[in-house]
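*Asks:* Predicted model, plus sequence, below.
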Amino acid sequence: MGPLQHELIPVTVERVARCLKSAEQCHRVLGEVAREAQTTSTRWVWAGITCGAIVTLGIWPTVATSTAWPAIAAVSLVAFVSALAAAVPKVLGYDDTAREAASLQSAYGHMIGELTDLLAAMKQPSPPAYVQTAARRTVAAFEELKGRKDALTLSGARREQHKSELA
């Protein structure tokens, strides 16, 4: 179907209603994804801070005077765990997931408003011709937003559940 033929087919109220329902679902799930990813990231950061504090305040002064290899190994192990815990959120993508999901949730919130207004305009007894132009633009923007959502890399324990809810 050529571009001109595509423009002749009107966007239906049903299509806009489906887009609105999908946007509401994505808005809800993306909020959960962002919160869970941020919470997990924060937990790992605090684990790293705690291990770092243990090394700095507790173990290091005691072990610094010791030449026994178990004491040195213990300090090294806790320091390694501290560094590892600080890297986990970045390596596993929790930071990126939290940031992008929050951005997408905000965009979907705006899209819900746009689709709601469009649906009301389309349900008028004799909607003006510009409503179809607005419908095409709004549905195209929704599809573009959906593409961004589909490109989101999910992380976390509920990754598969969220994938199915966002499909």
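*Replies:* Yes, it's here. A quick note: this is a predicted structure, and the numbers were derived from the prediction, not measured.
*Asks:* Give me the secondary structure label for residue 128.
*Replies:* coil (DSSP: H, G, I helix; E, B strand; the rest coil).
*Asks:* What distance do you get for it to residue 66?
*Replies:* Noted for residue 128: a distance of 83 Å to residue 66, by Cβ to Cβ, to the nearest Å. In short, each C-beta sits where N, CA and C put it, glycine included.
*Asks:* again, but for residue 108
*Replies:* Taking Cβ to Cβ, one finds residue 108 at 57 Å from residue 66.
*Asks:* same check, this time on residue 155
*Replies:* 40 Å.
*Asks:* what does residue 126 give?
*Replies:* From residue 126 across to residue 66, the span is 87 Å (Cβ to Cβ).
*Asks:* In terms of neighbours, single out the busier of the two.
*Replies:* Shown here are residue 126 and residue 66; by other Cβ atoms under 10 Å, residue 66 has more neighbours (12 against 5).
*Asks:* Can you give me the pLDDT of the more buried one?
*Replies:* Per-residue pLDDT puts residue 66 at 71.
*Asks:* any idea which element the closest residue to it other than its chain neighbours lies in?
*Replies:* If the residues on either side of it in the chain are set aside, residue 66 comes closest to residue 72, at 7.3 Å by Cβ to Cβ, 6 or more residues apart in numbering. Under the criterion of DSSP states H and E, residue 72 resides in helix 69-91.
*Asks:* Which strands and helices lie in contact with that helix?
*Replies:* Under the contact definition 3 or more Cβ pairs under 8 Å, 6 or more residues apart in numbering; DSSP states H and E, helix 69-91 sits against helix 13-53, helix 60-64, helix 94-122.
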